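Peer 1: Just to be clear, the model below is a prediction. Sequence and coordinates:
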There are 4 protein chains.
Amino acid sequence: MAAQRLDFIAPREVAWVEIEEPALQADEVRLSTLYSGISAGTQLTAYRGVNPFVQKQFNGESRLFEPREHSESSLYPVRGCWGYEEVGVVTELGSGVKGVKEGDVVYGTWGHKSAHTVSADFAHDHKLPEGVDPLAGIYSQMGAIALNAILDADIHIGETVAVFGQGVPGQLVAQLARLNGADVIAIDLDDYRLGFSQKLGAAHTINSRQTDDVSKRIKELTGGKGADVAIEISGAAGALHEAIRCLAYNGRVVTAGFYQGGAKDLYLGEEFHHNRISLIGSQISGINPQLTHRWDRLRMERTIMELARAGRLKLTDLVTHQVAFEQADAAYRMLDTNAEPVLQVVIKF
Amino acid sequence: MAAQRLDFIAPREVAWVEIEEPALQADEVRLSTLYSGISAGTQLTAYRGVNPFVQKQFNGESRLFEPREHSESSLYPVRGCWGYEEVGVVTELGSGVKGVKEGDVVYGTWGHKSAHTVSADFAHDHKLPEGVDPLAGIYSQMGAIALNAILDADIHIGETVAVFGQGVPGQLVAQLARLNGADVIAIDLDDYRLGFSQKLGAAHTINSRQTDDVSKRIKELTGGKGADVAIEISGAAGALHEAIRCLAYNGRVVTAGFYQGGAKDLYLGEEFHHNRISLIGSQISGINPQLTHRWDRLRMERTIMELARAGRLKLTDLVTHQVAFEQADAAYRMLDTNAEPVLQVVIKF
Amino acid sequence: MAAQRLDFIAPREVAWVEIEEPALQADEVRLSTLYSGISAGTQLTAYRGVNPFVQKQFNGESRLFEPREHSESSLYPVRGCWGYEEVGVVTELGSGVKGVKEGDVVYGTWGHKSAHTVSADFAHDHKLPEGVDPLAGIYSQMGAIALNAILDADIHIGETVAVFGQGVPGQLVAQLARLNGADVIAIDLDDYRLGFSQKLGAAHTINSRQTDDVSKRIKELTGGKGADVAIEISGAAGALHEAIRCLAYNGRVVTAGFYQGGAKDLYLGEEFHHNRISLIGSQISGINPQLTHRWDRLRMERTIMELARAGRLKLTDLVTHQVAFEQADAAYRMLDTNAEPVLQVVIKF
Amino acid sequence: MAAQRLDFIAPREVAWVEIEEPALQADEVRLSTLYSGISAGTQLTAYRGVNPFVQKQFNGESRLFEPREHSESSLYPVRGCWGYEEVGVVTELGSGVKGVKEGDVVYGTWGHKSAHTVSADFAHDHKLPEGVDPLAGIYSQMGAIALNAILDADIHIGETVAVFGQGVPGQLVAQLARLNGADVIAIDLDDYRLGFSQKLGAAHTINSRQTDDVSKRIKELTGGKGADVAIEISGAAGALHEAIRCLAYNGRVVTAGFYQGGAKDLYLGEEFHHNRISLIGSQISGINPQLTHRWDRLRMERTIMELARAGRLKLTDLVTHQVAFEQADAAYRMLDTNAEPVLQVVIKF
């Protein structure tokens, strides 16, 4: 079966490619993509060619980053543009499939392409609950990333959590922190984003561009103590420095952002050293080992979708732009140049 | 100033004693007690004479329990019956008092007596927030005990928490666990109590008398994994054994109950040994040291009252009986003999 | 190939059975057993018929203990007597084996039988280091159990660790605690065992039968603070109670013993409740999840053998009795009746 | 009583000042300084004027660093040159002093000055154990800093610990890590220092200037897994990056260095993000709260001196230069310009 896929073929260049989906096996189902979200963070780094993976490569065995021999040539083309926010509808069933039917909506990560093939088991496990808008299904992985940061934060009812970065991941983190019992202080340098934070339940918002000393402000809001926990998900070293500063003594920063380059705006000789702060590198593939007997990726994704179903987590509210698959290049240009206020862009098939 | 106090003078014997409150100092305020709750757990052990402190005494310096020379004689009279659920109204101000005024409602722990004297600082710190029913003020300490158990539980949004014991402390724990993001399974041997659990937000209730294998049932309710966390607050060793059994591998039991005697119903060679379970002794005077730079007793009490003010924590719903101070002895007899279904008895002054 | 195996065929009854070892595969090697140790703890419970597994059975899927239908009949015969302290010499190589040669000494767990067959990979991984007495090889599993308790204890240089139980497992734990930087206080009710403790490096020994208040004594030895960590490996609930009592505030007991029956000598309402003690159920198959990316069973076993090789861990010093395979029944009777002072009995083939 | 003190009066300028020690109180003792060590780390930053405290000041109440109004003028003079490695002998007793006598040797921190006055209680608590060379007494605080890093490292017998930075603090950390059961890999860019590391027990040394990929080398030395724990005490961001890289998955870096400026050589998007690394800011005034009921500053200092007494910790071996008080300025110049190989310079009174 023929399908369409969007690739990055060079920095700031996209292309539509016709591909052939493999023949359907007895235990597989075919999905027709409904929506595919653009992750403004990770994907843009590949679009721009500044991702660490462009200059270096991660050696999965030694778990070390190593110099990449021929840097650019080996990155491009980026097939499917590293898209990981997909949702589709079942259009065809393998001969032996049970427990899944045509019309079921399935979430997952398969890049920007118009059709996809998965095992029936996968489809069964990742079926969108009844009553959830299919658009919400794009957030299975991003929701899990946000939830993983929350698992690392050990939030207690009545605590104050400072969330740095209010793009889509930060919006999800902030909502989940609130559902986990916290009062949330949302920090960003963009009032447009902070408007969403406020609407979606943050107790306080702080525009870091318009505030002299963000941490001083946070200490004022917390009776002088500082935040109980900070979650840094903007990926900016300067924001990480502020996340460290704003904490109560012996506090923890969950660092869930994806930092580019050296951390020149991070001053470790100051509050980090004097206030006994700890940092934990929180990343989706690394669930806290203490929790691995109860939590796994699938439980995270299902928890996100179940919270959406119950109306407690607002997912579709985050989508500000929907564009047709054919106009995806314009969407990337717009994101790259910050041409207009934006939170989530979704490609519609 | 004369005041009335209720004492235990021997096992199962109460007496009303007239005492003299000291002269009011410049920086003190006088409270007239409004309500004083009876804690069915701790207080009844003293009423019945089976409290560990009756046979042994805690040496505060060595922190060891040691044999008590003359056991009963040194316990009784128990002044104020170990009451610790009080709330009163300010009736008189010392000459130098600022920041507190007549009519302010103040919560604290001063035993079953009609009047009490506190520093103005204490009154200021423990003022009941505007809009909270004074009756809710009896729960400052019990609420803090429950919240301390929650601080020890590290609950994450989407987790299932099993709460063993649905007397007043368990009801508070269950509500707080839910506010901390959990689905709560409430366990008790009494349907009357479980009715409250259900009404106040438990996702599931289990009557342990009517259920063959409570932990098997909990595993069914959690997709086979077991509860993420268990909180044991009944004080029964058999319930603790079940709290251990019901957990997912590597799980934690927060033991907040006050256990009497040897733990003969606790079988440590079974699930405890095989499933890598941990227990933590959670008690109000022992906040998790990792949290002591941000949490203290006062913050706990204020958090409880603030949650009550916001309508999120239901406190007065737990009060099933109000009795006049003069009829307090009948209330103790009723509790001692389980004469009627009861959750919280409050003495009204 | 014919081999001899020792079985429990009923409570307190052993039998020698001739078995047939399977034909040797290309990638396997044949071992001729040199020594097989008798674990006085676990094995004696099966010999006596009091093991929890006799009355109940562990359901590996639900991880719950459940009633056993036909208790005794389903336990016996206990093949190989649950022996798990074996060491043998390679006598025959499969046709494709590389990296292992005849005469290599291999440690493992295969019950009391005269010969055993393992994969060449296993033999390669579990080869005894050069220069180690083959007798030491019986301690691969017991050493790993002891080391796992040490991994759970997080001992810091200069700390005092109280080890309850000075049978073989306790002797290993005590030595490892010392190598991990601790001053060790060894507690047992038997002076014969405590003599070994003293000789093998304990800073202090306490005979709990001859001491009024063990924990008071431990507090005296630690400047009033109490032990930093306690490791309970006797399996007696009364010892666990003392392990809890002897600790500094907020201390941890690593419970590595195998407790039989209800814990009637454990008083949880006392120091456990008042001193914020935590317990962790430490068992060989349950490594602390935080460590599982670096520690596994094989690393534990190799660490034990490497410490023996370096002369830091004394293993063969623990062996007090060697008996011929044919006289094994007398050894069990002696252990069962405490007929003479004993630490480790080894069956010699 | 007149005494001599050394001050920094401007960047790279020292001066000798005559001061007056206060009259001796009944419960005090007078010390005549024997030795005062120069801490090449912290003190040199003040000597050079690059310490964070020069540009900013730490607000003890908000625990935030804030801009300093008049930077240099408010730092200088630095009285006693921030010296914190002192040891002296008791020369005079207040009239009511018991438990201390003339000739007792007392360690502590009082800056580079010839005499000092302390309470008899302090002198009693900080008396150097019999048999320890007084020169070793300079290491009470530095030893405690090193020990605090070890308390944060939770080292288990058989683990490999990588220590970055082999100046005096790193030498102490490396020795303590070994006493805590670890195999130590010592890393520095100076062979002179690494010579000490090797002599004092490191299992491996790595010169980071002469090694292509330090972490790759560490992975080779640890069977591919990586170090179990890393302790960074050089204060260089690049070394911190390497400390992160060299760890096994889910590992922890104890950061005990004092970092100057922005961390431009720290790449948080790489191994930190992908390998779930955590960092803890370890500083002497911040003992792990979990340990504060058993460990305090005094216990740390006594542990260091007791380990020295037992011959397990080598302290005086670290002293490479002793200079007369009058020649201290030359010593600072030598250190500032790296004029010759040096580990520890001590001022002799």
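Peer 2: Thanks, I have the structure now. Numbering: from 1, shown residues only, chains lettered A, B, ... in the order given.

Peer 1: Name the residues of chain A found near chain B, please.
Peer 2: Residues of chain A found near chain B (CB under 8 Å from any CB of the partner chain) are A:147, A:150-151, A:154-159, A:176, A:179-181, A:225-226, A:228, A:248-251, A:290-291, A:293-294, A:299, A:303, A:306-307. All C-beta spots, glycine's among them, are computed from the backbone N, C-alpha and C.

Peer 1: Now which of these would you call buried?
Peer 2: If you count burial by 16 or more other CB atoms under 10 Å in any protein chain shown, the buried members of the residues of chain A next to chain B come out as A:147, A:150-151, A:154-159, A:176, A:179-181, A:225-226, A:228, A:248-251, A:290-291, A:293-294, A:299, A:303, A:307.

Peer 1: among the residues you listed, which are in reach of chain D?
Peer 2: Restricting these to those adjacent to chain D (criterion: CB under 8 Å from any CB) gives A:226, A:249-250.

Peer 1: what's the closest residue to chain C within the stretch 151-300 of chain A in contact with, if anything?
Peer 2: Proximity of the stretch 151-300 of chain A to chain C (CB to the nearest CB) peaks at A:P289, 4.1 Å away. Counting by CB atoms under 8 Å, 6 or more residues apart in numbering or on different chains, A:P289 makes contact with C:289-290, C:292-293, D:250.

Peer 1: Can you pull the phi/psi pair for it?
Peer 2: When quoted as degrees, to the nearest 10, the phi and psi of A:P289 stand at phi -50, psi -30.

Peer 1: again with A:E20
Peer 2: Phi and psi for A:E20, reported as degrees, to the nearest 10, are phi -110, psi 120.

Peer 1: Please list the residues of the stretch 51-200 of chain A that sit near chain D.
Peer 2: Checking the stretch 51-200 of chain A against chain D by CB under 8 Å from any CB, the hits are A:52, A:56, A:58, A:61-65.

Peer 1: Just the buried ones from the residues you listed, in ChimeraX syntax?
Peer 2: For the buried members of those, the matching ChimeraX selection, counting by 16+ other CB under 10 Å, is:
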select /A:52,56,58,62,63,64,65
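
Peer 1: Farthest pair within the residues of the stretch 51-200 of chain A next to chain D?
Peer 2: Farthest-apart pair in those is A:P52 and A:E61; separation 18.0 Å (CB to CB).

Peer 1: Now the terminal residues of stretch A:322-339, how far apart.
Peer 2: Counting by CA to CA, to the nearest Å, you get 16 Å between the two ends of stretch A:322-339.

Peer 1: so how far is it from its chain's centroid?
Peer 2: 18 Å (CA atoms, centre = their mean, to the nearest Å).

Peer 1: try stretch A:286-298
Peer 2: 18 Å.

Peer 1: how much space between the closest residue to chain B within the stretch 1-150 of chain A and B:N288?
Peer 2: Among all residues of the stretch 1-150 of chain A, A:I150 sits closest to chain B, at 6.2 Å; criterion: CB to the nearest CB. Per CB to CB, to the nearest Å, A:I150 is found 19 Å from B:N288.

Peer 1: Quick one: neighbours of A:E21, just the number.
Peer 2: Neighbour count for A:E21, taken as other CB atoms under 10 Å in any protein chain shown: 16.

Peer 1: What distance do you get for the nearest residue to it once chain neighbours are set aside to chain D?
Peer 2: Leaving aside its sequence neighbours, A:E21 sits nearest to A:M1 (CB to CB, 6 or more residues apart in numbering or on different chains; 4.5 Å). Taking CB to the nearest CB, to the nearest Å as the measure, A:M1 falls 35 Å from chain D.

Peer 1: sorry, back to before: which SSE is the residue of the stretch 1-150 of chain A closest to chain B in?
Peer 2: Taking DSSP states H and E as the criterion, A:I150 maps to helix A:140-153.

Peer 1: Need the contact partners of whichever helix or strand comes after that helix.
Peer 2: Per DSSP H and E, the first helix or strand lying C-terminal to helix A:140-153 is strand A:160-164. With contact meaning CB under 8 Å, 6+ apart, strand A:160-164 is reached by A:153, A:155, A:170, A:173-174, A:177, A:182-188, A:202-203, A:218, A:221-222, A:227-234, A:239-240, A:242-243, A:246-247, A:257.

Peer 1: after strand A:160-164 comes which helix or strand?
Peer 2: helix A:168-179.

Peer 1: list the helices and strands the helix or strand just after that following helix packs on?
Peer 2: Of the helices and strands lying after helix A:168-179 in sequence (DSSP H and E), the nearest is strand A:183-188. Under the contact criterion of 3 or more CB pairs under 8 Å, 6 or more residues apart in numbering or on different chains; DSSP states H and E, strand A:183-188 touches strand A:160-164, helix A:168-179, helix A:191-199, strand A:204-207, helix A:214-221.

Peer 1: and stretch A:237-252, which residues are buried?
Peer 2: For stretch A:237-252, by 16+ other CB under 10 Å, it's A:237-252.

Peer 1: What's the end-to-end length of it?
Peer 2: 16 Å.

Peer 1: Next, see if that stretch gets close to chain C.
Peer 2: No. Using CB under 8 Å from any CB, stretch A:237-252 never reaches chain C; the gap is at least 14.8 Å.

Peer 1: Report the rounded mean pLDDT for that stretch.
Peer 2: Model confidence over stretch A:237-252 averages 97 on the pLDDT scale.

Peer 1: so how far is that stretch from its chain's centroid?
Peer 2: On CA atoms, centre = their mean, the centre of stretch A:237-252 falls 21 Å from the chain's centre.

Peer 1: for the residue nearest the centre of chain A, what are its contacts?
Peer 2: In chain A, the centroid-proximal residue (CA atoms, centre = their mean) is A:M142; its distance is 3.4 Å. By CB under 8 Å, 6+ apart, the contact list for A:M142 reads A:37, A:39, A:84-85, A:168-169, A:172.

Peer 1: Tell me the pLDDT of it.
Peer 2: Note on A:M142: pLDDT of 96.

Peer 1: Looking at the residues of the stretch 51-200 of chain A next to chain D, which gets the smallest pLDDT?
Peer 2: Scoring those by pLDDT puts A:P52 last, at 60.

Peer 1: Quick one: name whatever helix or strand follows the worst-scoring helix or strand of chain A on mean pLDDT.
Peer 2: Least confident helix or strand, chain A: helix A:71-75 with a mean of 61, by mean pLDDT, DSSP states H and E. Following helix A:71-75 in sequence order, the next helix or strand is strand A:86-93 (DSSP H and E).

Peer 1: Hey, what's the angle from that next one to helix A:140-153? Just curious.
Peer 2: Using axes from the mean of the first three to the mean of the last three CA atoms, to 10 degrees, one finds that strand A:86-93 and helix A:140-153 are set 130 degrees apart in direction.

Peer 1: Which one of the residues in the stretch 51-200 of chain A is closest to chain B?
Peer 2: Here the residue of the stretch 51-200 of chain A nearest chain B is A:G158; by CB to the nearest CB that distance is 3.8 Å.
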